[in-house]
Each structure stands twice: as structure tokens, then as C-alpha cells.
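Enquirer: Got a sequence here, can you model it:
(one chain, ligands or ions: 2)
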Amino acid sequence: MSGTSRVPTGISGLDAVIGGGFPRGGLIVLAGNPGTGKTMFSASFLYNGIANYGERGIYASFAESKETFLSNMLELGFDFKRLEAEERFSFLDLMTAKEGAVSTTLEMIISEVSRIEAKRLVIDSFSALAQAFRETYEARIILHTILSRITKILGCTTILIVEVPYGEERVGLGIEEFVADGIILLKRSRLDGRILRDLEILKMRGMPTPETQLVLTLKGGFKAFPPFKVKVIEKPCRFEPRPDTKKFFSTGSQDLDEMLGGGYPRGSLVLIEIGEQIATLQYHLISAITAYNFTTQGRGVILIPSSGVDHNLIRKKAEEGGLTEDEINRLLRVYIRKYPGFKPEPFVVTLEGESITEYVMSCFNAEYELMKETGQPVLRIVGADTLIDTYGVKEALSALRACAMRARETESLCIILLKPGYPRVAKILSAMADVHLRITREHGSVLVYGVKPRTNLHVLEMDVSKGYPIPKLTPII
Ligand SMILES: Nc1ncnc2c1ncn2[C@@H]1O[C@H](COP(=O)(O)OP(=O)(O)O)[C@@H](O)[C@H]1O
Ligand SMILES: [Mg+2]
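Expert: Ligands and ions are numbered 1, 2, ... in the order given. The predicted structure is shown next:
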């Protein structure tokens, strides 16, 4: 269906999933409860059209005054006032449009579209306009005819906003859905008590599979998130450490430090609870960055990998952060079960048949050696499932408790990774931990949030612009 010419919305994350943009000259219904971002979405569509595609635009509003619109938009960085002075934008204040004079109002819109040769139009909202119709069939026909004139004859791509009352989730069934070339529903809901926003594409002409859902945020403007993408590192570089503060170890990520209000407290236990369907690479974005931040400052890291991760993968990750062979051998200690054919490596400690006490003592000794050698605190990353699956829940928990106490005593840091399927353990560890993060999935996006300290949901993306993998976290507000 590449035949349909598309109008890029310029809205981050959206165009890629709707075949490049809206169908040119199409009528797009944008529906949602109050406060779901319909005005923000529409304003971005107009502003991007004017600023980046030379397409003039009109905002026809039955809902808010010009002053309110202009000042709200200026806060988002959209200077519509300047564009208006340049005759590239026009705001039609129709709040006072008289009931019964619908056709006059619509004629006004048409003549403004013709006058400035607008290629993009927003009508805010159909709901306000429809009230003036007294619900007659004829009136809807008029609306249909006139909207067709604007879109098809004048070639003006139009967003028709539909206000969905609170408590309702459906687009109000009316003529607008039947004549629409596209329908997008904006939603606000809750996930674990935190605000979650998403959009659903219910219909889009020229697109084979609608029903796409994307997570979105209004942070700094309207932004949608395509499903999590693994990015390829083009020019590998060495990780640049982030300095710690008096109270906190930096997590190694600016975004994560900001989300946590500083970083991981010194001497603390951190629980990272991994949800269903979270890939290793995804949670590694959060855990590996802290390991990079320790090792590139000459500090030791002890790792008890989760199932599915071995020393070879860890070596690969370390190399991705730019660590040298010598640093890997000197600063890393990876604990694995011995298997037939295993070739000894300086950074690998093999275990077979030890009791959990011996296991933990071995870790503590390794930690002591690393501390002595580097003169610095050590990071321990423990895949709890490995301990649980080998020694059972009770033994694993007491070992993890010992780890937490040790971290406090030595002012070091202990990160526990907990895979899904251990709800009871999660509760106990959460009570023990100073920091508790959860990683979960929604519509293909990976979400990270703090249980302790409590934070908003954040969308996790992979950033490789610096030559190594960095977690990019955007709050959903
Ligand atoms: N500058 C801003 N930055 C972040 N959020 C904002 C800003 N301005 C308004 N908001 C919030 O964005 C939400 C959506 O606004 P809006 O696009 O007007 O929704 P709708 O048109 O669907 O009612 C509102 O809850 C509002 O509080
Ligand atoms: Mg609005």
C-alpha cells in the first residue's frame, strides 16, 4: 500500500509505525478522555508541519481561547505567535460560534483554509461542534460533506478531536468514525499505581495491521515509544565513569541517577526485580552500567550470574564497555558451576558441590582480596535465581541477608537480580533492600520504575551514541 502519499506527523515514534505519516488529505479522528494529550498531539502535528515541511496549519478551537493556547504552547517550545505573524499559522477562536450557525462556522474554517492555503487543520473538537447540531441527521451530513471538501478537494490533512467523557473508553459512535481515514485513541491508565499513557491506532488507511499500541509520554511534549529496539554499536568506545557523591555511588547512568535522586546509597542493597518477558540484554542495560562505572574507576566487581548468563557473555559485555583483558582478569570475579571441558580463566571462579556457607565465604574472600588490591569498595551483582535453584529459598535468603550486611559493613554495594517466578522472595528482599527497582513490559516498551524510592514509570531505551550501551530513561508524565 505504498501508493498512498503520507504526511509525516513529526511526532517522535509515531510515523515509523503508520507507514510514514497520515494519508495525505485524510481525516484523522483523535479521541481520548480529557487530559490525555489531544491538544498537545495536534499542536505538534501543526508545528512540525509548518517548521519542517512547509505546510501551513490552522487550529480551529471550540474549546480554548487563543491566549490560553498560545501561552500553553510556548511553554512546550512552540512559538505559534511568530508563525501566525508570518501567516504560516492561524488560530480560529470559535468558542463564541453561535448554535444553529454551524454551516457558517464551517464556511469560516473553509475560507481560512483557502486563504492561507493550509495543508494541515485541527478541529478541537467534534464533540463541541456536534452539540450545535442538535443531533440531526442532516447536520451530520453537512459536516461530512464539508469535511470532505476540506480534506479531499483542498488536500488539507485534518485532525478531528473527539472528547471521550471520563469513564468511557470508546470513541463515541458517530458518523466521524465511518468517514475517518484514521482513528487514534489516547489513553491514560495506571500500572502499579503509577500513571501509564498509551495510544492505540484503531484504523489507518494504507496500513495493513492496525491495532498497534504504543506507550507515550507528555514529558517535554508528546512522544510515543516504538517497541524496544536493540541498537548496534557503530564505533566502540571506552565507558566514561560518572563520579560518585558523598552519599551515593553513581549508577553509571545519568538518567538512572536522576530517577533515584542521586544514585545507589553507599553501603546499600539494591533489588532489581525483573518481570516476565524481559530479555537479558534489557536488564543488563541497568545492571552492567554500574559494573562499568566500578571497573573503569579501578574497582572490583564480583558476579554470580543469573541462569542463562555465563562468563563468556560477561566477558563480551565487559569488552563492550571498553575494558581491557588485563582489567577483566584483575577486577572481575565471575562465579560459575564447573562443567566438563571448562578451561580455567583468571576472572572465573568455579564451584562444585560446595555448601552455601562455603560459597558465600569464597565470595567474601574474593571481595576482601579485591578491596585490598584496589583500595576501593567492591560491587557484588548476584543472580538470586542461581542461589535459590541450587540451595533452595531458605538458604539463599540467609546468604543474601549476609550479603546485605556485608555491603553495609564495608560501605560497598550489592545488587540482587531477581527473575520472575519468586513472588515470596521478592517481598522479603524488597523489605530488606534500600533500593528496589522493577523492570516490566507494556506494548513492546520496557518500563523501569522505583518501588523504593517510589518513582514514576520510565521508558527504557538503548542508547549507543557514546559507543557503549547506556540506558535511556524517560519518565511517563
Ligand atoms: N508544558 C507542559 N508540560 C507537561 N505537561 C503539560 C504541559 N502543559 C500541559 N500539560 C499536561 O498535559 C496533559 C494533556 O494536555 P492536553 O493536550 O491539553 O490534553 P487534552 O487536549 O487531551 O485534554 C494535561 O494533563 C496537562 O496537565
Ligand atoms: Mg484539549
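Enquirer: Quick check: the closest residue to ligand 2 within the stretch 101-250 of the chain vs residue 291, distance?
Expert: Of all residues in the stretch 101-250 of the chain, residue 124 sits closest to ligand 2, at 5.9 Å by CB to the ion. All C-beta atoms are positioned from the backbone trio N, CA, C, and that covers glycine. Per CB to CB, to the nearest Å, residue 124 is found 50 Å from residue 291.
Enquirer: repeat for residue 305
Expert: Residue 305 is 12 Å from residue 291, by CB to CB.
Enquirer: Those two: which has the busier surroundings?
Expert: Set side by side, residue 305 and residue 291 show more neighbours around residue 291, with 26 against 20, by other CB atoms under 10 Å.
Enquirer: which residue packs closest to that one, ignoring adjacent ones?
Expert: Nearest non-adjacent residue to residue 291, counting by CB to CB, 6 or more residues apart in numbering: residue 301, 4.9 Å away.
Enquirer: now the one you found, which residues is it bridged with?
Expert: residue 332, residue 379 (DSSP bridges).
Enquirer: Was I right to think it contacts residue 377?
Expert: No. Under the criterion of CB atoms under 8 Å, residue 301 makes no contact with residue 377, lying 10.6 Å away.
Enquirer: need the contact list for residue 220.
Expert: By CB atoms under 8 Å, 6 or more residues apart in numbering, the residues touching residue 220 are residue 76.
Enquirer: Okay, residue 444 and residue 225: tell me how far apart.
Expert: Computed as CB to CB, the residue 444 to residue 225 distance reads 8 Å.
Enquirer: These two: which has the busier surroundings?
Expert: Comparing residue 444 with residue 225 by neighbour count (other CB under 10 Å), the higher total belongs to residue 225, at 25 against 15.
Enquirer: For the more buried one, give the beta-bridge partners.
Expert: Counting by DSSP bridges, residue 225 forms beta bridges with residue 215.
Enquirer: residue contacts, it?
Expert: Each residue near residue 225 by CB under 8 Å, 6+ apart is listed here: 13, 214, 215, 216, 217, 445, 459, 461, 474.
Enquirer: Can you tell me which of these lies closest to ligand 1?
Expert: Ligand 1 lies nearest to residue 217 out of these, by CB to the nearest ligand atom, at 9.1 Å.
Enquirer: What count of nearby residues applies to the closest one?
Expert: By other CB under 10 Å, neighbour count at residue 217 equals 24.
Enquirer: If you count surrounding residues, which of residue 301 and residue 377 has more?
Expert: More neighbours surround residue 301 than the other of residue 301 and residue 377, with 27 against 21 (other CB under 10 Å).
Enquirer: wait, what's in contact with the more buried one?
Expert: Going by CB under 8 Å, 6+ apart, the list of residues near residue 301 reads 291, 294, 295, 331, 332, 333, 378, 379, 380, 381.
Enquirer: Residue 224 too?
Expert: Counted by CB under 8 Å, 6+ apart, residue 224 has contacts 11, 12, 13, 14, 199, 214, 215, 216.
Enquirer: If we ignore the residues flanking it in sequence, what's nearest the second one?
Expert: Which is residue 12. The shortest distance from residue 12 to any non-neighbouring residue, by CB to CB, 6+ apart, is to residue 223 (4.6 Å).
Enquirer: neighbours of the one you found, just the number please.
Expert: For residue 223, using other CB under 10 Å, the count is 22.
Enquirer: Can you find the helix or strand of the chain with the lowest average pLDDT?
Expert: The helix or strand of the chain with the poorest confidence is helix 175-179; it has a mean of 67 (mean pLDDT, DSSP states H and E).
Enquirer: The next helix-or-strand element following it packs against which elements?
Expert: Stepping forward along the backbone from helix 175-179, the first helix or strand reached (DSSP states H and E) is strand 182-191. Using 3 or more CB pairs under 8 Å, 6 or more residues apart in numbering; DSSP states H and E, the elements in contact with strand 182-191 are strand 27-32, helix 38-53, strand 194-204.
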